[in-house]
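Engineer: Can you look at this prediction? I've put the sequence above it.
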Amino acid sequence: MHTLYSGSLPPANKRVKQKEKKQAIVNRLTCATLEGVNAKVIEVEATFTKGLPGFSVVGLASNDIQESKERTKSALLTNEFVFPPLKITVNLSPSDLKKSGTHFDLSLALLIALNKTTIDEEGLFVFGELGLDGKVKTSSMLFPLVLSLKEKGFIKRAIVPRESITYLSHISGVDFIAVDTLSEAIQILKSKSFKANVQAFSYEAESFTLQEIPYYFERKYESDFLDVKGQSIAKRASLIAAAGMHNFLMEGNPGCGKSMIAKRIKDILPPLFEEEILSIAKHQFLDGVTPNFAALRPIRSPHHTATSASIFGGGSTTAKIGEVALAHKGILFFDELPHFSKAVLEALREPLQDKKVHIARVNAKIEYEADIMFVAAQNPCPCGNLLSKVKSCRCSEVEIKRYQNKLSDPFLDRIDLFVVMQEVSSSDKGDVTSKQMHDEVIKAFKMQKQRGQQRLNGKLSEEEIETYCVLSMDASKILEGAIGKFGLSHRSIASVKKIGRTIADLNTHEKIEKSDLFEALSYRRRK
């Protein structure tokens, strides 16, 4: 009797050799994208599957990343690479985050070129835009990306374009492997020779070291305080403002030297440490400007007709950086202060208080650092002659009141020093140079850092004020009397203490003495 079996089933006694399934290689490289000023780590992964040959990029990639497919194809073909007859899919993970930037080109090209090789290099970041001939080019996003990743502790080594090394070498603690061409990058991944080939940058500015931290400064006095005739009180207030990075308002008749003083303060500001220089450079890159990495604090002076978006940043689709953020670690100077719009002045209260700018849009919610020293100048009335001994004021009381009421008390409360400047006399002379004032600022800066302060006096928090702004017995009694006599608010008391601390540093006093506090009280706002 014959055994029957279906044609689809093998006989029980016959073994069928199973064809082993070839495991598909899914290669991964690490890149990043910018979300505002912060970098987000992106995993770039690629698969090659059977199907109609094609090349697609998924994962909310912007147009510049979609265009990178054509750049990648051309760069690979000119380097004698033959595309496999497979469906190539590249995913940018996490897939729910919008990505942008031409620096993804190199990651895409390397994954395709090494499709038959397993790439398992955890923690290796790859950045670079590709030319059609395979040359690896830099991108304006690279510096903010790498610096943000380094600040978060995500990056230890990276393959980058050689032409970007002129500015990336400023970022210490990252091993940079610089490449000129795609073929050079392919060879590095094949040989797994990930040795850094970039020397660390060394600053050429003057420097000194306190508690093992180097601080840098430059003596570039484009305009000198010696040119400012008279105005000894205003110059003293400028010195105090610069030494502690205090907010400062000058009031006086036109031509008395308000703008002259404001523009000279930038040359006598305190030294910077490396992270601050890099932070300033990051904001300049975000503005599309290539920085020179000088140890100089920035100064921004927008016109009073500037819009709120240009001062604070903004945009309909993506939020862009504004003047306040570009003045980070430096000076934001408002000339003709009352002529700025009420909306701008009131919105400025937040960055003056919190050292940050928040931009909320439908498509983006961004936070920028804005640790600024605010300097402002204003006339006493619309015509400017209210304080003049020679010219007569043409303004009515109503006009003067309306002019002065443009500045609210909560806004003025955030300004530490107020100076009313007198008219210049023909007998007035310059009595102090910018170099002398800068030396005083550096002396006060060293005292602040030797106390263990992370921040300068003008930027101290409530807790830090209690710790570092210690008053002598006599000074404490004077302050108590001033609180009752002048009705000082909690913020005004903190302001007087911070100014007193800076004056004490300039006078090399360990505690805030009676004379220091008297001078600090003389700079308060008269209501």
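Structural biologist: Perfect, I can see it now. Residues are numbered from 1 along each chain as shown.
Engineer: Would you mind listing where this protein has pLDDT under the threshold?
Structural biologist: 1-24, 200, 315-319, 363-364, 527 (pLDDT under 70).
Engineer: Repeat the analysis, applying 50 as the threshold.
Structural biologist: 1, 3-7 (pLDDT under 50).
Engineer: same for the strand ranked longest in it, what does it pack against?
Structural biologist: For the chain, the strand that runs over the most residues, judged by DSSP state E, is strand 38-49. In terms of contacts (3 or more C-beta pairs under 8 Å, 6 or more residues apart in numbering; DSSP states H and E), strand 38-49 is packed against strand 27-35, strand 87-93, helix 105-113, helix 142-152. To be clear about C-beta, it is placed using only N, CA and C from the backbone, and glycine gets the same treatment.
Engineer: which residues does residue 133 contact?
Structural biologist: Shown in contact with residue 133 (C-beta atoms under 8 Å, 6 or more residues apart in numbering): 74, 75, 78.
Engineer: Now these in a markdown table, please, with extra columns for secondary structure.
Structural biologist: Compiled in a markdown table, these are given as follows (DSSP: H, G, I helix; E, B strand; the rest coil):
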| residue | secondary structure |
| --- | --- |
| 74 | helix |
| 75 | helix |
| 78 | helix |
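Engineer: Looking at those residues, which is nearest residue 272?
Structural biologist: Here the nearest of those to residue 272, counting by C-beta to C-beta, is residue 75; it sits at 40.0 Å.
Engineer: That closest one: what's it in contact with?
Structural biologist: 105, 109, 130, 131, 132, 133, 134, 182.
Engineer: same thing with residue 34?
Structural biologist: Taking C-beta under 8 Å, 6+ apart, we find residue 34 in contact with 40, 100, 101, 141, 144, 145, 148.
Engineer: so how far is residue 260 from residue 438?
Structural biologist: Distance, residue 438 to residue 260, by C-beta to C-beta, to the nearest Å: 17 Å.
Engineer: Between these two, which is the more surrounded one?
Structural biologist: Per other C-beta atoms under 10 Å, whichever of residue 438 and residue 260 has more neighbours is residue 438, with 22 against 17.
Engineer: Isn't that one up against residue 270?
Structural biologist: No: the criterion here is C-beta atoms under 8 Å, and residue 438 misses it with residue 270 at 9.4 Å.
Engineer: Could you tell me which residues touch both of those two?
Structural biologist: Common neighbours of residue 438 and residue 270, using C-beta under 8 Å, 6+ apart, are residue 217.
Engineer: Torsion angles phi and psi at the residue nearest to residue 71 when sequence neighbours are not counted?
Structural biologist: Leaving aside its sequence neighbours, residue 71 sits nearest to residue 130 (C-beta to C-beta, 6 or more residues apart in numbering; 4.8 Å). Main-chain dihedrals, residue 130, degrees, to the nearest 10: phi -100, psi 140.
Engineer: can you check residue 194 too?
Structural biologist: Residue 194 adopts backbone torsions of phi -100, psi 50, taken as degrees, to the nearest 10.
Engineer: who does the longest strand of the chain pair up with?
Structural biologist: Partners of strand 38-49 in the sheet, by DSSP bridges, are strand 27-35 (antiparallel), strand 87-93 (antiparallel).
Engineer: following that strand, which helix or strand shows up next?
Structural biologist: Using DSSP states H and E, the helix or strand that follows strand 38-49 in sequence is strand 54-58.
Engineer: Packing partners of that following strand?
Structural biologist: Going by 3+ C-beta pairs under 8 Å, 6+ apart, strand 54-58 lies up against helix 63-78, strand 87-93.
Engineer: residue ranges for the strands of the stretch 201-350 of the chain, please.
Structural biologist: 206-210, 213-217, 248-251, 272-273, 299-300, 331-334 (DSSP state E, counting those that start in this stretch).
Engineer: Present those as TSV; the columns should include distance to residue 231 and mean neighbour count.
Structural biologist: Formatted as TSV, those follow (distance: least, C-beta to C-beta, whole Å; neighbours: other C-beta atoms under 10 Å):
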stretch	distance to residue 231	mean neighbour count
strand 206-210	29	13
strand 213-217	25	17
strand 248-251	9	25
strand 272-273	28	20
strand 299-300	20	18
strand 331-334	17	25
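Engineer: looking at these, which is closest to residue 26?
Structural biologist: Closest among the strands of the stretch 201-350 of the chain, once you apply C-beta to C-beta, is strand 272-273, at 43.2 Å.
Engineer: Name the surrounding residues that touch the closest one.
Structural biologist: Contacts of strand 272-273 with the rest of the structure, by C-beta under 8 Å, 6+ apart, involve 213, 214, 215, 216, 217, 280, 295, 297, 329.
Engineer: Could you point out which of those residues is nearest to residue 95?
Structural biologist: residue 280 (34.6 Å).
Engineer: Hmm, the closest one is touching residue 297, no?
Structural biologist: Yes: when contacts are counted by C-beta under 8 Å, residue 280 is listed as touching residue 297 (7.3 Å).
Engineer: what residues are shared contacts of the two?
Structural biologist: By C-beta under 8 Å, 6+ apart, the residues touching both residue 280 and residue 297 are 272, 329, 330.
Engineer: of all those residues, which comes closest to residue 69?
Structural biologist: So of the shared contacts of residue 280 and residue 297, ranked by how close each gets to residue 69 (C-beta to C-beta), first place is residue 329, at 40.2 Å.
Engineer: and residue 84, how many residues sit next to it?
Structural biologist: The tally of other residues near residue 84 (other C-beta under 10 Å) stands at 12.
Engineer: What's the separation between it and residue 50?
Structural biologist: Counting by C-beta to C-beta - residue 84 and residue 50 are separated by 10 Å.
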